[in-house]
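Q: Sharing a model that was predicted from the sequence below.
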Amino acid sequence: MNILQHLEERATKTICTALGVEEAYGDVRPATDERFGDYQINGILSLAKQLRQNPRDMAQQVAKALELGDMCEPPEVAGPGFINLRLRTEWLEQYLGQVAADTRAGIDPPEAVERIVVDYSSPNVAKTMHVGHLRSTIIGNALCRILRFLGHHVIGDNHLGDWGTQFGLLILGFRRFADPSALAQRPMEELERIYQQAVTLADKDEAVAEEARGELFKLQSGDGENRALWEKFVRITLEENDKIYQRLGVHFDEVLGESFYNDLLPGVVDRLLKSGIARESQGAICVFFEDDPELADNPYIVQKSDGAFMYSTTDIATIQYRHEHFRPHRILYVVDSRQALHFRQLFSVARKMGYCMRLEHIGFGTILGPDGRPIRTREGKAVYLENLLDEADRRAAEIIRNREDKLGGETQRVARAVGIGAVIYADLSQNRLSDYRFDWDKMLSFDGNTGPYLQYALVRTRSLFRKLGDESWQPTGNPLRLEHASENTLARELARFPEAFHRAAQTSFPHLICDSLYRVARRFSLFWRDCPVLTAEGPLRESRLSLCRLTGNILQTGLQSLGIDTLERM
Ligand code: ARG
């Protein structure tokens, strides 16, 4: 249990006993202003309102009854009825001394280990991955790592868009206009070009459109040649995407695309009809949500009147399959917020079907260009992920060029870690629900809330132990000595990292980890400025070394959980 959880539990219990109420919520939060303490109990205000009593009096009673042992200074009632809590330095010295000797940076495993499917990345076959898929890939990867670090059983699944009507056109286009040399050199772009050309032609010429439908029908009924072409498209896409995944350090446990569920679709529609969840309407099969005012006007089509199945049908089949094969407690769908309606409907259908795992849409906003509109190339085209990562490499290489003599053969690797790390961090450090502006200079800066700044803070701790001549030096668990104000404030921040980590996992908001890491790194730089380490003596020296080790350990744990490479030197 982390400090905040512990305090909240104590606060909740004490409110109940001291005020004689059955139910309460301590609502403990980190203090907004460190001058008033480290945490504050907020829960009395709402209770006072409910009971129509004086919150300050109630807070006084609770503060008097609070038993926090030697953990906190005597609690202080403040404002209209908050209680401020300040950790006692002696307690912190003990606690962090132990945490410093622990490789998990103070992060306890969860009370119950869960099986969690994370559905992420999920690009479409024969379409180049563009920046829209960047966010799903980066956020999904971070969530997998965070949950795994805690000890949950995580199944990362790339739900590839590898089935659908576009394949009729693609097959037709491929037969007519494929250019073998372009296909060898830039396969994805060529597939996209072929597809576009087929679309244009079919728009003008109904006979072509009819022919494409015929190709699709042949593919769906198992025709060998069309099947082979489709497999080729899938293979090319997977190979090309893999290059990007490798650069981002992303691995999937499963790559079960939409096609994988194809045979289940008729059964799904049958089941929905038989159980009365879906019914026919104007030739199509739909689910209506009369009982839900928010969805009442949005029926969910699971089979069109021409017999075709939908994105929705596949997603229902996927839940059925995941339930049977993974028995998950939770499924997280890391998908653009614009698909919110689809997921609301899907989750509602799943509940009607009796599935009770937690289904969560982890939505995210759009990446904007310098003009504040969705990001585009200068020519107004979609920005390809590959080009973007190339540019990250190039820019980072330029920035660290002047360190070549220090880094030697490592220069290229460092440039890559810094460039890609900067892109990943820029994405994750924002609240995922908001749009954000893509700004190369800002994200690559060594100053501010950026990937390079944190990587560099970690490198400082590493270089200290190199200077010490003992790179694997480990704290023994002795209490720390927090003498200087700068080491005291650093310590308080380090103690809060586990809270941030747990909260990020519970809410699927990785930026909470970024915020915490950034605060740690900033305080670490003040500590670095104010507190000599190697020239200190005795227990103070050991304590400062421990603080450096713990800071490094937290930065390392945090960055790796976000999917960002860490470095020994830069
Ligand atoms: N392929 C879809 C797209 O690019 C995303 C799929 C998300 N996952 C899901 N289970 N629906 O929009």
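A: Okay, I see it.
Q: Would you state the strands of the stretch 51-200 of the chain in chain order?
A: 76-78, 82-85, 115-119, 153-157 (DSSP state E, counting those that start in this stretch).
Q: residues contacting Trp320?
A: Slight slip there: residue 320 is Gln, not Trp. Contacts here follow Cβ atoms under 8 Å, 6 or more residues apart in numbering; on that basis Gln320 touches Leu264, Val268, Met353. C-beta coordinates here come from the backbone N, C-alpha and C atoms, glycine included.
Q: Contacts only, for the spatially closest residue to His159 that is not a sequence neighbour.
A: In space, His159 comes closest to Ser122 once its chain neighbours are excluded; the distance is 4.2 Å by Cβ to Cβ, 6 or more residues apart in numbering. Ser122 makes contact with His133, Ser136, Asn158, His159, Leu160, Gly161, Val335, according to Cβ under 8 Å, 6+ apart.
Q: In CSV, list the residues you listed along with neighbour count and pLDDT.
A: Output for the contacts of Ser122, formatted as CSV (neighbours: other Cβ atoms under 10 Å; pLDDT from 0 to 100):
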residue, neighbour count, pLDDT
His133, 20, 89
Ser136, 22, 97
Asn158, 24, 98
His159, 25, 97
Leu160, 22, 96
Gly161, 18, 95
Val335, 23, 96
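Q: Would you mark the buried spots in stretch 533-549?
A: By 16 or more other Cβ atoms under 10 Å, the buried positions in stretch 533-549 come out as Val533, Ala536, Leu540, Arg541, Glu542, Ser543, Arg544, Leu545, Ser546, Leu547, Cys548, Arg549.
Q: ok, the closest residue to Arg193 other than its chain neighbours - contacts?
A: Nearest residue to Arg193, sequence neighbours excluded (Cβ to Cβ, 6+ apart): Ala182, at 7.5 Å. Residues in contact with Ala182 (Cβ under 8 Å, 6+ apart) are Glu189, Glu190, Arg193.
Q: Distance-wise, check Ala182 relative to the ligand.
A: 24 Å (Cβ to the nearest ligand atom, to the nearest Å).
Q: And Gly257, by the same measure?
A: 9 Å.
Q: as a whole number, average confidence for stretch 503-514?
A: Per-residue pLDDT over stretch 503-514 has a mean of 97.
Q: Revised request: answer the last question for stretch 446-466.
A: Mean predicted lDDT for stretch 446-466 stands at 96.
Q: swap in stretch 557-570?
A: The model assigns stretch 557-570 a mean pLDDT of 96.
Q: just stretch 61-70 next, same as before
A: The model assigns stretch 61-70 a mean pLDDT of 94.
Q: and for it, what are the contacting residues?
A: Taking Cβ under 8 Å, 6+ apart as the rule, stretch 61-70 contacts 7, 10-11, 14-15, 17-19, 41, 44, 74-77, 83, 85, 88, 90-91.
Q: May I see the buried residues of that stretch?
A: Buried-residue list, stretch 61-70, by 16+ other Cβ under 10 Å: Gln61, Val62, Ala63, Leu66, Leu68.
Q: same deal with stretch 237-257?
A: 237-238, 240-241, 244-245, 247-250, 252, 254-257.
Q: Next: stretch 135-151.
A: For stretch 135-151, by 16+ other Cβ under 10 Å, it's 135-147, 149-150.
Q: do stretch 311-321 as well
A: In stretch 311-321, counting by 16+ other Cβ under 10 Å, buried: Ser312, Thr313, Thr314, Asp315, Ile316, Ala317, Thr318, Ile319, Gln320.
Q: what is the mean pLDDT for that stretch?
A: The model assigns stretch 311-321 a mean pLDDT of 97.
Q: quick revisit: how about the strands of the stretch 51-200 of the chain, which one is nearest the ligand?
A: Closest approach to the ligand among these (Cβ to the nearest ligand atom): strand 115-119, 4.8 Å.
Q: re the thing from before, how about the buried residues of stretch 61-70 in TSV, adding distance to the ligand?
A: Shown next, in TSV, are the buried residues of stretch 61-70 (distance: Cβ to the nearest ligand atom, whole Å):
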residue	distance to the ligand
Gln61	51
Val62	47
Ala63	49
Leu66	47
Leu68	46
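Q: I'm done for today, thanks for sticking with me.
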